[in-house]
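In: Structure, please.
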Amino acid sequence: MIAGQPRLVRWMGAALGAVLVAGTLLAEPPKVVKAVPDHGAKDVDPALKEFRVTFDQPMSTGGMSVVRGGPSFPKIVGKPRWVDDRTLVMTWQLEPDHDYWLSINSGRFTNFRSRLGESAVPYPISLRTGKRAGPTAEDQVARNREAYEHLKRAIKEDYSYFDLRHVDWDKRFEEFARRLWLLPTPRKFAETMAELLSPAEDIHLWLAVDGESIPTYKRRAAWNVSTANLPRIVPGWEERSPAVFSGKYEDGIRYLCIRNWPGDKPDQLEGAFELLAEAAADKKPLIIDVRANGGGAEPQEFGGGDPVLTAALALLRQAP
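Out: So this is what the prediction gives:
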């Protein structure tokens, strides 16, 4: 045996991020070594457009869990992206004088994993933005150009219906470029960008400025449901929360009406879970009515999924 060899073996195991236990190679779980801005940061510039997190080892880029903090989760623009196998970048919009919270992985969501499959150690981050100073004309042009590039990339890379209306998006953005860059206020920029995006004829595309939504397209359509008549025609009508209503027919079939998806008040959906469980326990059909539901947005939690759908699928799997 060469003198000092056991120490060399231990050093090599540490350098490779793994140890050998009872013949099994165990990988070290990845850890966040740097975040910009990082946990505890104060007076973060609300004009900061990107959040960057770096791990201590190569990661699998096929999944991620950026866990939300309810209303304190920042608004994400486009999809998070890997710039290399250790560094993730998210584009976001921050408000001035505001507290934010998010977490890289959590006890429940663990899709940040190393190449060897080990889930990353949860890394919660809380921060607070500072006050926003009024931009100079030069600053406004720079911000307009930056926002223009982000939106152009989001449409080209992340928009699911990019080809639906056969719009020449490159030409469209080129036609609006200088006009958008020189606009004096964020609201004027949002209104003009809405005009640029209008050929998509998509009510799910909108812009937000100063807490107000700017639509890119408005569509008139008659509802195929009369909410005023539902309590009269559904037996056993019950309001379980402002978002959830239920009923029960004589043959045991349950009725579930979900009026909206309250992302900031998830407890309002508890009645839906209860009704799903009742129907599954009695082995009776369930009618889910979302005709009066205008839909919702998903960016508050990557990898979390819709809670009602998740519960429904879980109960269906248990049914005989």
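In: Can you tell me how far R145 is from M193?
Out: Distance of R145 to M193, computed by Cβ to Cβ, to the nearest Å: 13 Å. Where you see a C-beta, it was placed from the backbone N, CA and C, and this is true even at glycine.
In: So if I had to pick from the two, which one is more boxed in?
Out: M193 (23 against 15; other Cβ atoms under 10 Å).
In: quick one: that one and L151 touch, right?
Out: Yes: in this structure M193 lies within contact range of L151 using Cβ atoms under 8 Å: 6.3 Å.
In: for stretch 178-191, which positions count as buried?
Out: Neighbour-count burial for stretch 178-191, counted by 16 or more other Cβ atoms under 10 Å, picks out L180, W181, L183, P186, K188, F189, A190.
In: typed the wrong thing, it's stretch 87-97
Out: L88, M90, T91, W92, Q93, L94.
In: Surely the first one and R52 touch.
Out: Yes: with contact defined as Cβ under 8 Å, L88 counts as touching R52 (7.2 Å).
In: any idea of the mean pLDDT for stretch 179-197?
Out: Averaged across stretch 179-197, the pLDDT comes to 93.
In: who's in contact with that stretch?
Out: Contact with stretch 179-197 is made by 137, 140-141, 143-145, 147-148, 151, 155, 172-173, 176, 205-210, 214-217, as judged by Cβ atoms under 8 Å, 6 or more residues apart in numbering.
In: again with stretch 83-92
Out: 49-59, 61, 64, 66, 74-78, 80-82, 115, 150.
In: Recalculate using a threshold of 6 Å.
Out: Here stretch 83-92 makes contact (Cβ atoms under 6 Å, 6 or more residues apart in numbering) with 49-55, 58-59, 74, 76-78, 80-82, 150.
In: Filter the residues you listed down to the ones in strands?
Out: 50-55, 59, 76-78, 80-82 (DSSP state E).
In: Out of the residues you listed, flag the one nearest to D289.
Out: I76 (30.7 Å; Cβ to Cβ).
In: For the closest one, give the beta-bridge partners.
Out: W92 (DSSP bridges).
In: where does it sit relative to P37, distance-wise?
Out: On the measure of Cβ to Cβ, I76 and P37 end up 15 Å apart.
In: What of W82?
Out: With Cβ to Cβ as the criterion, W82 and P37 are 19 Å apart.
In: higher neighbour count, the two?
Out: P37 (20 against 14).
In: so who does the more buried one touch?
Out: Contact analysis of P37 by Cβ under 6 Å, 6+ apart lists V44, L127.
In: And it, how close does it get to L94?
Out: 10 Å.
In: again with D289
Out: Taking Cβ to Cβ, one finds D289 at 38 Å from L94.
In: Check S103 too.
Out: From S103 to L94 the distance is 17 Å (Cβ to Cβ).
In: swap in R128?
Out: Counting by Cβ to Cβ, the gap from R128 to L94 is 10 Å.
In: next one: R52
Out: Distance from R52 to L94, by Cβ to Cβ: 14 Å.
In: same question, R132
Out: 9 Å.
In: just V33 next, same as before
Out: On the measure of Cβ to Cβ, V33 and L94 end up 23 Å apart.
In: cool, and E175?
Out: 30 Å.
In: just R179 next, same as before
Out: With Cβ to Cβ as the criterion, R179 and L94 are 26 Å apart.
In: related to what we said a few turns ago, please flag which of the buried residues of stretch 178-191 sit within helices.
Out: L180, W181, P186, K188, F189, A190 (DSSP state H).
In: farthest pair in those?
Out: Largest pairwise distance in those, by Cβ to Cβ, is 14.1 Å, between W181 and A190.
In: Can you pull the phi and psi angles for E250?
Out: phi -60, psi -30 (degrees, to the nearest 10).
In: what pLDDT does the nearest residue to it once chain neighbours are set aside get?
Out: Once flanking residues are discounted, E250 sits nearest to P235: 6.9 Å by Cβ to Cβ, 6 or more residues apart in numbering. In this model, P235 is scored at 96, pLDDT.
In: Does P235 touch D251 like I think?
Out: No: if you go by Cβ atoms under 6 Å, P235 and D251 don't touch, sitting 10.2 Å apart.
In: okay, P299: pLDDT?
Out: 49.
In: Ignore what I typed, I meant L313.
Out: 54.
In: What of D45?
Out: 89.
In: Please narrow the contacts of stretch 179-197 to those residing in helices.
Out: Reading helices off the contacts of stretch 179-197 with DSSP H, I get 137, 140-141, 143-145, 147-148, 151, 155, 172-173, 176.
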